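[1] For reference, the sequence and a predicted model appear below.
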Amino acid sequence: MNVSIRIQTFHWVLLGLFVGILLGWLFPGHAETGKATAEVFIRLIKMMVGPIIFATLVSGIAHVRDLKSLGRLGLKSLIYFELLTTVALLLGYLTVQWWQPGASLQLSSLGPLSVSPTPAATSPLHLIPGSLLEPFLHMNLLQVLVLAILTGLSLSKMGNTGDTLLAGIEKIGKLLFQMLTLIMYAAPIGVAGAMWYTVGALGTNTLLSLLYLMVCVYATCGIFIAFILAGVAYFSGFNIWRFIWYIRQELMLAFATSSSETALPGLMQKLEQAGCPKNIVGLVVPTGYSFNLDGTCIYLTMGAFFLAQATQTSLSWQEEAGLIALMMLTSKGAAAVTGGGLITLSATLQSFQKIPHSGLSLLLGIDRVMSEARTVTNLIGNGVATLVIARWEKQLDLESMKRVFRNDSPSKKVE
């Protein structure tokens, strides 16, 4: 999907959002029609969950293999990715628990939005699929993860044959993403249906809670950038605000298209111009797009615990810790494309099976609007990661970085 089509799709999604609100207000008695429309779209998304997560993780494990071959650089990259994404997950958890955007909905009084999920199996045997197809047939994400890990490790041991098979899996991944692109064309209809049901059946007060969640997500992403990433940048010897201004065109492109992939070539080029060696840029940035999605991590915890609050789902601290630990895995398979966050959240809820998965219809209407926040955060996070790791390796040309930041600063433009 090219840039102009992505932007046009966003406009249609906004139109679907307002049409759905209007239908819910004018025809609340027919809200079930909107619910059915939204659930059709959600089923299309769920259909893509297992295969996309599998293909993305297998490719990501292949990158880990490359990282290991590079020794210290690979290890530092993996450690950095894990630390920052964990901080992002915890920050999202803390803010959603502090602000409680879903607490006022009390949807449990209305009953489940659809069929309640079956309880999750607790036996370790539940992690082992009965066949290679079972994880995809039953939408069991944990089994998909096990199968993806085994596949990735096996491919890494097969030499040239493994590389050939991996190339085939990556081509299948591209096919799956193309299918997802076609499905996302139906997003405006799905959004309209979701908002019709939300307003018509759940009441207009639900809109205030959804708006509150949007504000919370944007604010949390801003806090992560302004404090966490800015602090990391400061201790690494550069100013994050100068860096953000330096990549402003890439950020605007990512914001407009709601996809980090569109800004990838420009970001890599500017990082090289800022003094990062080409080998570090070529390794850290693409790998970070699978393993260092800070904005997506924030969205995952906030979205999941918002739904728990909205549906009055009581979680013990052990269950909350387990859910966050699960997200540490699922976030590594998040696709850096439009709809990737919703797919990952859907996969997480299917596997966790405590929070009603049907609650996704609440988030469907505003997911596309929140996507911009996580996309921009992902892009900035991967840019900062590349500069930081290059500095750790003592391969960052500080003079080049200061020169391009200074020559491209706002004050320079004014002069």
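    Okay, I see it.
[2] Now stretch 246-253: average pLDDT?
    For stretch 246-253, the mean per-residue pLDDT is 92.
[3] list the contacts for the closest residue to residue 210 other than its chain neighbours?
    Of all residues beyond its chain neighbours, the one nearest residue 210 is residue 366 (5.2 Å), with distances taken as C-beta to C-beta, 6 or more residues apart in numbering. C-beta here means a position set from N, CA and C on the backbone, and glycine is covered the same way. Under the criterion of C-beta atoms under 8 Å, 6 or more residues apart in numbering, the neighbours of residue 366 are 17, 210, 213, 214.
[4] Listing request: residues of the stretch 201-350 of the chain with sub-threshold pLDDT.
    Of all residues in the stretch 201-350 of the chain, those with pLDDT under 70 make up the ranges 333-340.
[5] How far off centre is the top helix by length along the chain?
    Of all the segments assigned as helix in the chain under DSSP state H, the longest by residue count is helix 31-69. In terms of C-alpha atoms, centre = their mean, to the nearest Å, the gap separating the centre of helix 31-69 from the centre of its chain is 11 Å.
[6] Can you mark which positions in it are buried?
    Buried residues in helix 31-69, counting neighbours by 16 or more other C-beta atoms under 10 Å, are found at 31, 34-35, 37-39, 41-42, 44-46, 48-65, 67.
[7] Can you tell me the SS state at residue 216?
    In the three-state summary, residue 216 is assigned as helix, counting by DSSP: H, G, I helix; E, B strand; the rest coil.
[8] quick one: it and residue 269, what's the gap?
    For residue 216, the distance to residue 269 (C-beta to C-beta, to the nearest Å) stands at 34 Å.
[9] cool, residue 133 as well?
    As it turns out, when the distance is counted by C-beta to C-beta, residue 133 lies 42 Å from residue 269.
[10] what mean pLDDT does the longest helix of the chain have?
    Averaged across helix 31-69, the pLDDT comes to 78.
[11] I'd say residue 364 and residue 40 touch.
    No: here residue 364 lies out of contact with residue 40, judged by C-beta atoms under 8 Å, at a distance of 11.3 Å.
[12] Next, show the common contact partners of the two.
    In the contact map built from C-beta under 8 Å, 6+ apart, the residues linked to both residue 364 and residue 40 are residue 190.
[13] just the helices in the stretch 101-250 of the chain please.
    Chain-ordered helices for the stretch 101-250 of the chain, with DSSP state H, counting those that start in this stretch as the definition, fall at 134-137, 141-156, 159-184, 187-202, 205-223, 230-235, 240-246, 248-257.
[14] residues of the shortest one that come out buried?
    Meaning helix 134-137. By neighbour count, and taking 16+ other C-beta under 10 Å as the criterion, the buried residues in helix 134-137 are 135, 136.
[15] Skipping adjacent residues, who's closest to residue 306 in space?
    Leaving out its chain neighbours, the residue that sits closest to residue 306 by C-beta to C-beta, 6+ apart is residue 102, at 4.2 Å.
[16] where's that neighbour relative to residue 359, distance?
    As defined by C-beta to C-beta, residue 102 lies at a distance of 9 Å from residue 359.
[17] More neighbours: those two, which one.
    It is residue 102, of residue 102 and residue 359, that has more neighbours when counted by other C-beta atoms under 10 Å, with 28 against 24.
[18] residues in contact with the more buried one?
    Each residue near residue 102 by C-beta under 8 Å, 6+ apart is listed here: 209, 213, 305, 306, 307, 308, 309, 310.
[19] Identify the farthest-apart pair in the contacts of residue 366.
    Distances among the contacts of residue 366 were taken as C-beta to C-beta; the most separated pair is 17 and 213, at 14.3 Å.
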